[in-house]
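J.: following is a predicted model, sequence given first.
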Amino acid sequence: MSFDANLAGMPSSARPTALRGPALTFTGDPFRDGLERTLVHEPDAIVAMQDGRITHFGPAARVAPLLPAGTEIRDFGKDALISAGFIDTHVHFPQTTMIASHGAQLLDWLDRYTFPAELKFADRVHTRRVARAFLRENLRNGITTSCVYCSVHAHSADILFEEAEALGLRLAAGKVLMDRNAPEALRDNVQTGYDDSLALIRKWHGRGRLLYAITPRFAGTSSPEQLAAAGALWRNHPDCLMQTHIAETQAEVAWISELFPDRANYLDVYDHHGLCGRGAVFGHGIWLGDDELRRLHAADAAISHCPTSNFFLGSGLFDIARAKQADRPVRVGLGTDIGAGTSFSILQTLNEAYKAAQLNRHPLSAAHAYYLATRGSAAAMHLEDKVGSIAPGMEADLVVLDMRSTPLIAFRMDEARDFAEQLFIQMILGDDRAVRATYVAGRLAHDR
Ligand code: GUN
Ligand code: ZN
């Protein structure tokens, strides 16, 4: 896939600027190659950037003499941590309005809370207000790229793309395709869903840093004909992403097998309609069988792990160690899944990912968790050559964490014995207060 970004004309840093402080990044996948070969921790680093890209990265003593004259250096001090911006591979921006809705599991929750909230996106003024609030929350939490479900309304994608473009964000999004099992006013049909998605692809895909994600909500709300149309659209535009939900709850899996009795399993429903391949991001995947995981590996498709959502809806425990099994590893990214998810904070999402792993008896190391939040999620979207790590040539999307953001964290950090422990403290105790600054294409986009 080629997502060649044209950063020219985007809001970005024209002047060379640099950040100084401790830094963490990954050069590869620690699940596959181990931390020794992939983790880079630089206790006193300089990250320099110009025209939206990273130009230099390394120990301050080595990099400082190489910087162009006039480079402005912002020193965050030793209690900071500079990382690639966080990436959210599964989120519904309209659901910012109904996060924290009580008492239902997935299918009831959709009917009782989600669809009524999404109906309000017929109104463009409401849509823009929510899109702005959503992107503001992302930046407050250090999220610089996300893969976003809009509502069924084509203008919901237009408006989100307009707002993301104004901020210079690299973001993927798509209008939801949904032609059955939803309120009449939230349904498109095979033709309008196809035509609207095609028009959005032509307008937005590859414009600046924006990408289109073809978005059949899930097999429960798309007819076989709509899934086939989505598959045809993806075949004609293979460098788009494709996102949908899969195997989130047992009741959903049972319902899908009733709706598609001829298919071997849930993934086969999508595969049969041309919706399993490179660039597919499947939300949840808790209840996938080994055959399905093998097929995802072979297709180079990804799963978005959404732990706060899975606990909130009582959906189940995603087993990341199983998904990463060495003979058929699947690309796995991290998702907030707002509004079933309960936090925009990626640190809090990692906290819950750790607990899910604990309950599966495969404790997740802090470093593996930060990989998931950055380069791993970039890889889930096949963007690891653009974002998700700190290296010259990469797009300059960065988050700077304050490692002493609350009295308790500061107190606990004084007892930390090593860097791994410091990282773990942040992901268990930290939240939006830990995000000191967020940079988008080299430009300061949030400063606490
Ligand atoms: N499955 C289909 N639609 C949705 C949604 O909006 N949220 C979640 N968590 N699961 C879904
Ligand atoms: Zn979702």
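T.: Sure thing, it's come through. Model, not experiment: these values are computed from the prediction. Ligands and ions are numbered 1, 2, ... in the order given.
J.: give me the contacts around the longest strand seen in the chain.
T.: When the chain is parsed with DSSP state E, its longest strand is strand 39-50. Applying C-beta atoms under 8 Å, 6 or more residues apart in numbering, the external contacts of strand 39-50 come out as 13-27, 30, 54-61, 63-64, 67-68, 71, 73, 78, 82, 367, 371, 390, 396, 398, 419, 439, 442. Placement of C-beta: from N, CA and C, glycine included.
J.: buried ones among the residues you listed?
T.: 13, 16-26, 30, 54-58, 60, 63-64, 67, 71, 82, 367, 371, 390, 396, 398, 419, 439, 442 (16 or more other C-beta atoms under 10 Å).
J.: what lines up beside the longest strand of the chain in the sheet?
T.: Counting by DSSP bridges, the strands paired with strand 39-50 are strand 17-26 (antiparallel), strand 53-59 (antiparallel).
J.: which bits of the chain sit near ligand 1?
T.: H92, L106, L110, T114, R217, F218, H245, E248, S309, D337, A340 (C-beta under 6 Å from any ligand atom).
J.: tabulate the CA atom coordinates of the strand or helix carrying D158 in CSV.
T.: D158 belongs to helix 154-167 when assigned by DSSP states H and E. Extracted C-alpha coordinates of helix 154-167, given in CSV (Å, rounded to 0.1, in the frame of the first residue of the first chain):
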residue,chain,number,x,y,z
ALA,A,154,-21.9,10.9,4.7
HIS,A,155,-21.5,14.4,6.1
SER,A,156,-20.3,13.0,9.4
ALA,A,157,-17.2,11.8,7.6
ASP,A,158,-16.9,15.0,5.6
ILE,A,159,-17.0,17.1,8.8
LEU,A,160,-14.6,14.9,10.7
PHE,A,161,-12.1,15.0,7.8
GLU,A,162,-12.4,18.8,7.6
GLU,A,163,-11.7,19.2,11.3
ALA,A,164,-8.8,16.7,11.2
GLU,A,165,-7.3,18.4,8.1
ALA,A,166,-7.4,21.8,9.9
LEU,A,167,-5.3,20.2,12.6
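J.: continuing past that helix, what's the next helix or strand?
T.: Immediately after helix 154-167, counting by DSSP H and E, sits strand 171-174.
J.: give the rounded mean pLDDT of that next one.
T.: Rounded to a whole number, the mean pLDDT of strand 171-174 is 99.
J.: cool, stretch 341-349 as well?
T.: Mean predicted lDDT for stretch 341-349 stands at 98.
J.: gap between the two ends of that stretch?
T.: Length of stretch 341-349, first residue to last, C-alpha to C-alpha, to the nearest Å: 9 Å.
J.: for that stretch, what is the distance to the chain centroid?
T.: 11 Å (C-alpha atoms, centre = their mean, to the nearest Å).
J.: any residues touching it, and which ones?
T.: 86, 88, 91, 99-100, 137-138, 140-143, 306-309, 311-312, 334-336, 338, 373, 426-427, 430-432, 434.
J.: in PyMOL, select just the buried ones from these.
T.: Here is the PyMOL command that selects only those of the contacts of stretch 341-349 that count as buried (16+ other C-beta under 10 Å):
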select buried, resi 86+88+91+99+137+138+140+141+142+143+306+307+308+309+311+312+334+335+336+338+373+426+427+430+431+432+434
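J.: show me the contacts of stretch 341-349 that map onto helices.
T.: E137, N138, R140, P307, T308, S309, F311, F312, Q426, M427 (DSSP state H).
J.: mind listing what's buried along the helix or strand of the chain with the lowest mean pLDDT?
T.: Least confident helix or strand, the chain: helix 106-109 with a mean of 95, by mean pLDDT, DSSP states H and E. By neighbour count on 16+ other C-beta under 10 Å, the buried set for helix 106-109 is L106, L107, W109.
J.: what stretches of the protein score poorly on pLDDT?
T.: 1-13 (pLDDT under 70).
J.: list, one by one, the residues from it near ligand 2.
T.: Contacts of the chain with ligand 2, taken as C-beta under 5 Å from the ion, map to G283, D337.
J.: now for the residue in the stretch 301-448 of the chain positioned nearest to ligand 2: which residues touch it?
T.: At 4.5 Å from ligand 2, D337 is the closest residue in the stretch 301-448 of the chain, using C-beta to the ion. By C-beta under 8 Å, 6+ apart, the contact list for D337 reads H90, V91, H92, G283, H284, S304, C306, T308, S309.
J.: could you check how far it is from D88?
T.: 9 Å (C-beta to C-beta, to the nearest Å).
J.: just grab the bridge partners of I46 for me.
T.: Bridge pairing for I46 - DSSP bridges - gives R20, G58.
J.: quick one: closest of the strands paired with strand 39-50 to L293.
T.: strand 17-26 (23.1 Å; C-beta to C-beta).
J.: on the three-state scheme, the residue of the chain positioned farthest from its centre is what?
T.: What lies farthest from the middle of the chain is A69; by C-alpha atoms, centre = their mean that is 36.5 Å. Three-state call for A69 (DSSP: H, G, I helix; E, B strand; the rest coil): coil.
J.: before we move on, the earlier item: redo the strands paired with strand 39-50 as a markdown table? Include distance to V176.
T.: Compiled in a markdown table, these are given as follows (distance: least, C-beta to C-beta, whole Å):
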| stretch | distance to V176 |
| --- | --- |
| strand 17-26 | 32 |
| strand 53-59 | 33 |
